[in-house]
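Trainee: sequence first, then the predicted structure:
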Amino acid sequence: MNILKTVLVAGALFAAGTLLYPTLPQRYQYEIADWYERLGTPTYAESPDYFSARPQHEVIGENKARGHELKCYGNLGPAERIDAHDDYLCSAHISHAYDNIPARLVTFFFSDGKLHNVRIEFAAGSFPKLQDYLTRKLADYTRLDQLPGARFGTDPFGKKLVVWRVKQGLITAAAEDTPGQPPIILWSSYR
């Protein structure tokens, strides 16, 4: 009998959600759709200090083999690029990254058939876990933002940036949390 009650309650909640969804503000509709897209997706595990300017087909093949559903396209508009050289991108919804940190999306940016940038967006509220992971994982790399005279600017919310020089590029992240906003890390290859 308990199973029947559970099924009936779940069905009622689903029906109520389906009816209410179109009346929700766009922001909440996006968050619900985003949450649904991430259900059952694999954890993203490639370490940020191991990224390199590998061929596009290798990056796509490796991530598909790991179970990531990539959405790829070219003809990028200015707002879809990290820099002017990016000509193709692939993105995948992810549920977690690294030390089981809640995450949302990984996006690979390519230029002339080579990986050029990787952007990983984490779930809002995961900044402390992400900061702890980056501090431990990148402890042996040079923090460029701490060098005398270094100026790397701020993120869109006015938070200073931290920048590490890693084997094949730079990793950039915000130095502080912006409540309600998803923390982001960006790997960029050396040009």
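Mentor: Right, received. Where do you want to start?
Trainee: next up, the contacts around the residue nearest to residue 132 when sequence neighbours are not counted.
Mentor: For residue 132, ignoring the flanking residues on the chain, the nearest one in space by CB to CB, 6 or more residues apart in numbering is residue 99 at 7.8 Å. In short, each C-beta sits where N, CA and C put it, glycine included. Contact partners of residue 99, counting by CB atoms under 8 Å, 6 or more residues apart in numbering, are 129, 132, 133.
Trainee: the helices in the protein, which residues?
Mentor: Secondary structure of the chain by DSSP state H: the helices cover 2-20, 26-38, 56-65, 127-137.
Trainee: pull the CA atoms of the shortest one into CSV?
Mentor: Listed next in CSV are the C-alpha coordinates belonging to helix 56-65 (Å, rounded to 0.1, in the frame of the first residue of the first chain):
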residue,chain,number,x,y,z
GLN,A,56,39.6,19.0,-31.6
HIS,A,57,38.6,15.4,-32.7
GLU,A,58,40.6,13.9,-29.8
VAL,A,59,38.9,16.2,-27.2
ILE,A,60,35.5,15.4,-28.6
GLY,A,61,36.2,11.7,-28.8
GLU,A,62,37.6,11.4,-25.3
ASN,A,63,34.6,13.2,-23.7
LYS,A,64,32.1,11.2,-25.6
ALA,A,65,33.9,8.0,-24.5
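Trainee: so how far is it from its chain's centroid?
Mentor: Averaging C-alpha positions (CA atoms, centre = their mean, to the nearest Å) puts helix 56-65 17 Å from its chain's average.
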